[in-house]
Structure formats: C-alpha cells, structure tokens
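S.K.: Sequence and predicted structure below; questions after.
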Amino acid sequence: MARSRDIAIEPRYRSPRKRRGRAKVRIQPPMTPMIDVTFQLLLFFLMTAAFRNEGNIASSIPQSGDVAGPPQIGQIVVFVIVGQEGAGDDARPVYAIRKLGRERQIEVPKGLPAGEYKQQMALGLYEELARVKSDVQDPKLQSELQVIIRPEVDPARFAEDQRPYVRWEYVVDAYNQATRVEFAKIGFQWQAFAGEGAF
Amino acid sequence: MAKSVAYADRGPTGDVSINMTPMIDVVFQLMIFFILSSQLASPEISQKIVLPKPHEEKIIPEREVKESRVVVNILAKEDDRNHGRDEKVMPGDLAHYEVSGLKISETEAAEKLKAIIEARSAAARKAGNKEFHVEVRADHRVAYEHVARALVAAGAAGVEKAYITVGRGGPADGE
C-alpha cells in the first residue's frame, strides 16, 4: 500500500531496478549483545566496588628517641596519658593530662553507655587540651608546646584474669583530639612499648 | 481527539518495541559512576579490620593522599573464629600483620616488617617518588604495643612519616 503510493508521488520516471536499489533499509546494529555486556560490566563494578570510607591522620616517626627529640629548655611538654579500664567489650578509656609534674584526670559520669562514655571522654580531653594551649600566653612558647601521647597500663584497673593493655582505638582518639587543638608538635611515645617485656 | 494518521495507518499488525536508548544511556551513566567512584578491592587493604572511629576526626581524605606508601594492616584476634578453638584469646591480642596480602606473625614481625618497608621505600625512591609513608591500618581493638612495633619497624627502615587510618562518619562499630 504505502509503497505504491510512494511510487505514485514520484515526480519523474525511475526504472524498477533503480527503485529496488534505492529501497530504504533502516540499518540498526543489534543492541541486545551490547546491553548484555554493559549489564555484565555494571554488575561487576557494583560487586567489586569497595568504598573506602576512611581517612588518614598524619603523624611522624622520629628517627631517634620519642617524638621530636629531647625537649628544649623552656619548652613545655604536655603528656596525654591514655589508659584503659577493663578489657574486651567492657573496656573504657581513661585519659589524663600531665604537665609540669601535675596530673589532671578527665572525669566523665560513670553510668554512661560505652559509646557515649568514649565520646564524652574525647570531648573532655579536647577541652582540657584547648585550655592547656590557651593558658600559655606567649605565642613563641605556645608554638613550641609539645604533646606526647603516652599510653600507660595500670594493672589495678583490670580484673585478675584479664591481661592489662591499652586499645589502639583510645590512643588514636587521644591523638585525634590533640590534632584538633592544633598543637605544633604531637607524637606518640612508642619506644617503651616496642621493647621486650613492655607489658 | 482523533488518532494521528501515522498511528491509524500502522494497523493491528504493527510491531511494538521498547525504546532502548534511554535505558542504555542510564546504564552507561551508572557504569561510569561506579568505575570512577570505586577503587577495586585491593590486596593492600584487609577487609577484616574494624577501624577506630575517633570523635570529630580531623583527617586527610583518602583521595588526597597522592604519594606512594606501604599499608601495614594490623588484625585483631578478638572474635576471629579460626583462632578461638583451643587457645584462649585475650582482648587486645594480635592475629597477624598483613602487608600486600602477606601474613606476618607477631614473632617475626620486627625483622620482616622492617625488610618489607625498606624494600618498598627503596622501590618508591627508584620510581622517582620523593615522599613515602607508612599507612598504619590497625583494628580498633588491638593493643597499642602491636601498633608500636610496626611504627618502630618503619622508623628502623628510615621512614619518617606515618598515616593512621581511621573510619569516617557514623557511630563507632561494636557499640
């Protein structure tokens, strides 16, 4: 039907052979295999996608001794004492700040659930460190403040069948709080821990 | 309204096909998104680690770390089913270290870690990378001494920079 009408509209004569040659053929490449492959690829990337929802906190490894060498005269060293109470799922962090021979414990209400306790502890440590920093008026001295994260194990805080230790988590949290306060020099005390019989 | 002429002309035998083009467009978009946004699961990164999540973490996002590095995974023994059979697992115990899929036990860690880190940092220097760091990817439950051991090994290998890997966002795991 349609074809005969097309011919009728044709303004001038064309031979049947030419007309056959001109026949409009709509060429469409087969889409199905491509879609198949694409779906396979999509599935592959979906399955292997490993979203690393992580970040890094930068720190330095001193080549000799702890942190950034021995403290200079006039330099104030602030120790952040990281301890732990109990082991396993009942573990709780214990933070204290030791500065110029005086130690100040971070206090948090005992009744809090573990997660909130840890968070309040971190917050308390942050506030205390911020206070330590602002207490030093002289900008030169302030820039030379050195913070040392010092994990300390107190066997008295553990039950008899538990081995005393400090969780990495609490050490990282303390380090992170010191980073937040933006001290110029922050380091871990790690030499003592890596040696034989550290615990 | 009257049907269009073209529609009427097609008649009852007109064959119906779904327009594939928009679907393919969308699929391609999705594919490109996943290719760009995902890093393939790499042997460098152990999936068995539950990272520490500090409160209000102040971190360098993963994608901004450009320099070459070696990732030291430190796995905790706690609730690891393979270990708990006959030996008593104490909280804080180390399962093993893992560097590029290679498992290193606690006893051989000091020398092996140092050797691997040395080799990797030498390779990075050879390839023209000025900066090199050790990424410490430790489970949050592991005792500090095990992490300290890795840091000491890195220090002995002459590396001056360490990055501590932490988890981001959401509530802390296991709580």
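M.R.: In hand now; what should we look at?
S.K.: Does the nearest residue to residue B:45 once chain neighbours are set aside belong to a helix, a strand or coil?
M.R.: The shortest distance from residue B:45 to any residue other than its chain neighbours is 6.3 Å, reached at residue B:71 (Cβ to Cβ, 6 or more residues apart in numbering or on different chains). Placement of C-beta: from N, CA and C, glycine included. Classification of residue B:71 using DSSP: H, G, I helix; E, B strand; the rest coil returns strand.
S.K.: which stretches of chain A form strands?
M.R.: With DSSP state E as the criterion, chain A has strands at A:49-50, A:54-60, A:77-85, A:92-99, A:102-105, A:146-151, A:185-188.
S.K.: got those as CSV, with distance to residue B:103 and mean neighbour count columns?
M.R.: CSV is the format used below for the strands of chain A (distance: least, Cβ to Cβ, whole Å; neighbours: other Cβ atoms under 10 Å in any protein chain shown):
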stretch, distance to residue B:103, mean neighbour count
strand A:49-50, 20, 14
strand A:54-60, 21, 19
strand A:77-85, 27, 21
strand A:92-99, 30, 19
strand A:102-105, 40, 11
strand A:146-151, 26, 24
strand A:185-188, 25, 24
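S.K.: Relative to residue A:165, which of those strands is closest?
M.R.: strand A:77-85 (6.9 Å; Cβ to Cβ).
S.K.: quick one: pLDDT of the residue nearest to residue B:45?
M.R.: Note on residue B:71: pLDDT of 90.
S.K.: my read: it touches residue B:99, true?
M.R.: Yes - if you go by Cβ atoms under 8 Å, residue B:71 and residue B:99 touch, sitting 7.0 Å apart.
S.K.: Tell me the predicted confidence for the most centrally placed residue in chain B.
M.R.: Residue closest to the average C-alpha location in chain B (Cα atoms, centre = their mean): residue B:45, at 4.3 Å. pLDDT for residue B:45: 81.
S.K.: right, and it touches residue B:75 too?
M.R.: No - applying Cβ under 8 Å, one finds residue B:45 not in contact with residue B:75, separated by 11.8 Å.
S.K.: ok, back up a step: SS state for the residue nearest to the centre of chain B?
M.R.: Classification of residue B:45 using three-state DSSP returns coil.
S.K.: so what are the domain limits for chain B?
M.R.: B:5-37, B:62-164 (automatic domain parsing).
S.K.: which residues sit in contact with residue A:156?
M.R.: Listed by Cβ atoms under 8 Å, 6 or more residues apart in numbering or on different chains, residue A:156 has no contact partners.
S.K.: go with 10 Å
M.R.: With contacts defined as Cβ atoms under 10 Å, 6 or more residues apart in numbering or on different chains, the neighbours of residue A:156 are A:85, A:164.
S.K.: Next one: residue A:90 from residue A:156, what distance?
M.R.: As judged by Cβ to Cβ, to the nearest Å, residue A:90 and residue A:156 stand 16 Å apart.
S.K.: ditto for residue A:148
M.R.: Between residue A:148 and residue A:156 the computed distance is 23 Å (Cβ to Cβ).
S.K.: how about the nearest residue to the most centrally placed residue in chain A, chain neighbours excluded?
M.R.: When Cα atoms, centre = their mean is applied to chain A, the residue found nearest the centroid is residue A:55 (3.3 Å). Using Cβ to Cβ, 6+ apart and skipping the chain neighbours, the partner closest in space to residue A:55 is residue B:59 (3.2 Å).
S.K.: Give me the phi and psi for that neighbour.
M.R.: For residue B:59, the backbone dihedrals are phi -130, psi 160 (criterion: degrees, to the nearest 10).
S.K.: quick revisit: ok, how many other residues are close to the residue nearest to residue B:45?
M.R.: By the criterion of other Cβ atoms under 10 Å in any protein chain shown, residue B:71 has 19 neighbours.
S.K.: quick revisit: so which of the domains of chain B comes closest to residue A:189?
M.R.: domain B:62-164 (8.7 Å).
S.K.: gap between that closest one and the chain center?
M.R.: From the chain centre to the centre of domain B:62-164 is a distance of 14 Å (Cα atoms, centre = their mean, to the nearest Å).
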